[in-house]
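J.: Have a look; sequence and predicted model below, questions after that.
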Amino acid sequence: MTSEAGYNVAILGATGAVGTRILAQLEQSTIPVKSLKLLASVRSAGQTRQFKGQDIVVEEATPDSFDGIDLVLASAGGSLAGSLLPEAVKRGAVAVDNSSRWRMDPKVPLVVPEVNPEALADHQGIIANPNCSTIQMVVALEPLRQAYGLNQVIVSTYQAASGAGQRAWDELLHQAQQHLDGEEETADILPTKGDKKHYPLAFNLLPQIDVFQEDGYTFEEQKMMQETKKILFGDPHSSEVKVTATAVRVPVPIGHGESVYVSVDDETATREDVQRVLASAPGVVLEDNPDEQLYPQPIKAEGKRETFVGRVRADIENPGSFNMWVVSDNLLKGAAWNTVQIAEELVKRDLIHSQV
């Protein structure tokens, strides 16, 4: 697969739930692809995937896999991201990574294109894709920050099983069938593979996503708090905004929901003002008509790139504070599409230089 101009692209983790969607989003993107390499673990090597009508054989990822590669789109977990992406950069590539490995590195931009694309100018080879739950929230927060200032965010998430990977998604469906068949539900993965106990998600709620930290927050909650500050204010420890989070896994296959409480600096802002700002914000679709029972739902957001916002209400007890409900496809805007969107922005800004 060759053309006169374009980039040599590699997808790392190409056979996973996010990797397969990166492939599909890349095919629909504006990025000129000269050649494409699909990389995964040795277990997946030898499989084939299609790109623009051509079969591509999946290869085992090694440092030498990145020879001649201009752009890497990665969704292979923190360990591989830590070991392989620096090797890709050494060989001249620019890498966009989905794992949490590089997000808090002060030298690595953490980017949502609708929010802080200018941060890409300072990249040193690796750009981090934020956590899925953070991405959709900051897409809704940034237009409010620009219009009215921002001083506090309180978020409770309702996160889909697929956010924990394909195996967790499969386990949810298996548990649901067990429950319907009158069998005891078995659990081997959730709330997190890295902890001692596992609980069923089907017909249940799990107020734990990732492992607990010493302060009682989970790592997922800490990620949301720190990433929001880094994206909006350039510093994961910024004092310009207060952020707190409670992250909950819910028995939904795809699509995260979030109840977001936000306090702005301008106490004269009204519900109608906030709705107008959100309705014209990039990447946002306002679905907010209580009279028609119109509000965002994960089942309707699945397969879409946008972030959907509704249930906008002013806090009648606190001027300048608002509630809203934010929903997005966690595998697309929360992962694959944001990754490819970052790459499109890199191309647009001429921040990838094709190798001869």
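T.: The structure has been received and is ready for your questions. Numbers count the residues shown, from 1 in each chain.
J.: Find me the pLDDT at P109, would you?
T.: Listed pLDDT for P109 reads 98.
J.: these two touch, right, it and L120?
T.: Yes. Using CB atoms under 8 Å, P109 is in contact with L120, at 5.8 Å. From N, CA and C alone the C-beta is placed, and that goes for glycine too.
J.: Between the two, which contacts overlap?
T.: Shared contacts of P109 and L120 (CB atoms under 8 Å, 6 or more residues apart in numbering): I127.
J.: what about those two, which has more around it?
T.: Comparing P109 with L120 by other CB atoms under 10 Å, the one with more neighbours is P109, at 24 against 19.
J.: Contact partners for the more buried one?
T.: With contact set as CB under 8 Å, 6+ apart, P109 has these partners: N116, A119, L120, D122, H123, I127, A128.
J.: can you rerun that using 10 Å?
T.: Under the criterion of CB atoms under 10 Å, 6 or more residues apart in numbering, the neighbours of P109 are 96, 102-103, 116-124, 126-128, 230-231, 234, 342.
J.: same check, this time on A161
T.: Counting by CB under 10 Å, 6+ apart, the residues that A161 touches are 167-173, 175, 189-190, 201-202, 206, 249-254, 330.
J.: and this protein, what are its domains?
T.: Under the assignment automatic domain parsing, the domains of the chain span 7-130+335-348, 134-329.
J.: circling back to that earlier point, filter the contacts of A161 to the buried ones?
T.: By neighbour count, with 16 or more other CB atoms under 10 Å, the contacts of A161 hold 168-169, 171-172, 175, 189-190, 201-202, 206, 249-254, 330 as buried.
J.: Distance check, N129 against L144.
T.: For N129, the distance to L144 equals 23 Å [CB to CB, to the nearest Å].
J.: the more surrounded of those two?
T.: Using other CB under 10 Å as the criterion, N129 and L144 rank with N129 on top: 29 against 24.
J.: The residue nearest to M224 when sequence neighbours are not counted: what's it in contact with?
T.: Using CB to CB, 6 or more residues apart in numbering and skipping residues adjacent in sequence, the residue nearest M224 is A245, 4.3 Å away. Residues in contact with A245 (CB under 10 Å, 6+ apart) are 133-134, 137, 153-157, 209, 217-218, 220-225, 228, 258, 260.
J.: could you redo the last one with a cut-off of 6 Å?
T.: By CB atoms under 6 Å, 6 or more residues apart in numbering, the contact set of A245 is V155, E221, M224, M225.
J.: re earlier: in helices, which of the contacts of P109 appear?
T.: Mapping these onto helices (DSSP state H) picks out K230, I231, I342.
J.: what about the residue nearest to M224, which helix or strand?
T.: Using DSSP states H and E, A245 falls within strand 242-249.
J.: Noted, bye for now.
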